[in-house]
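Q: fold the following.
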Amino acid sequence: MEIVVERKQLPPTTQKCIADDTLVPVQIAYGARELGKMARLAGGNWDSDVKLWYVRFGNVKGTELEKHIILDAGLKQGGT
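A: Numbers count the residues shown, from 1 in each chain. Okay, the predicted model is just below:
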């Protein structure tokens, strides 16, 4: 048995390139009330057309909501 360990420098995450005032799409499953409450408290706005919350990245960075960001849905700069 042989174990091969290779060290590589990981590329910087995409989220490090996002400005704190950028509105990011956050997907929260129906019925996840605590996450919905967190999104509201973070100043998020519900977009019923795409069924996503839009919250400023600086307000979700480092929270449970950060794991629910959907970058493929598109970002909105600065405003609504």
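Q: quick one, helices of the chain?
A: 33-41, 57-60 (DSSP state H).
Q: now these as a markdown table including distance to residue 49 and mean pLDDT?
A: For glycine as for every other residue, the C-beta is placed from the backbone atoms N, C-alpha and C. Converted to a markdown table, the helices of the chain look like this (distance: least, CB to CB, whole Å; pLDDT from 0 to 100):
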| stretch | distance to residue 49 | mean pLDDT |
| --- | --- | --- |
| helix 33-41 | 17 | 96 |
| helix 57-60 | 21 | 95 |
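Q: switch those helices over to CSV; also include mean neighbour count.
A: Shown next, in CSV, are these (neighbours: other CB atoms under 10 Å):
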stretch, mean neighbour count
helix 33-41, 15
helix 57-60, 20
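Q: let me have these in CSV, adding distance to residue 26 as columns.
A: Shown next, in CSV, are the helices of the chain (distance: least, CB to CB, whole Å):
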stretch, distance to residue 26
helix 33-41, 6
helix 57-60, 7
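Q: quick one: closest of the ones you listed to residue 47.
A: Closest to residue 47 of the helices of the chain, according to CB to CB: helix 33-41, at 11.5 Å.
Q: and for the closest one, what are the contacting residues?
A: Outside helix 33-41, the residues that touch it by CB atoms under 8 Å, 6 or more residues apart in numbering are 26, 28-29, 46, 53, 55, 63-65, 68.
Q: give me that answer again for 6 Å
A: 28, 53, 55, 65 (CB atoms under 6 Å, 6 or more residues apart in numbering).
Q: just the closest of those to residue 22, please.
A: Relative to residue 22, and with distances defined as CB to CB, the nearest of the contacts of helix 33-41 is residue 55, at 9.9 Å.
Q: excluding residues flanking it in the chain, which one is nearest the closest one?
A: Nearest residue to residue 55, sequence neighbours excluded (CB to CB, 6 or more residues apart in numbering): residue 44, at 3.7 Å.
Q: also residue 28?
A: In space, residue 28 is closest to residue 35, 4.5 Å off (CB to CB, 6+ apart).
Q: residue 69 now?
A: Nearest residue to residue 69 in three dimensions, chain neighbours excluded: residue 24, at 5.0 Å (CB to CB, 6+ apart).
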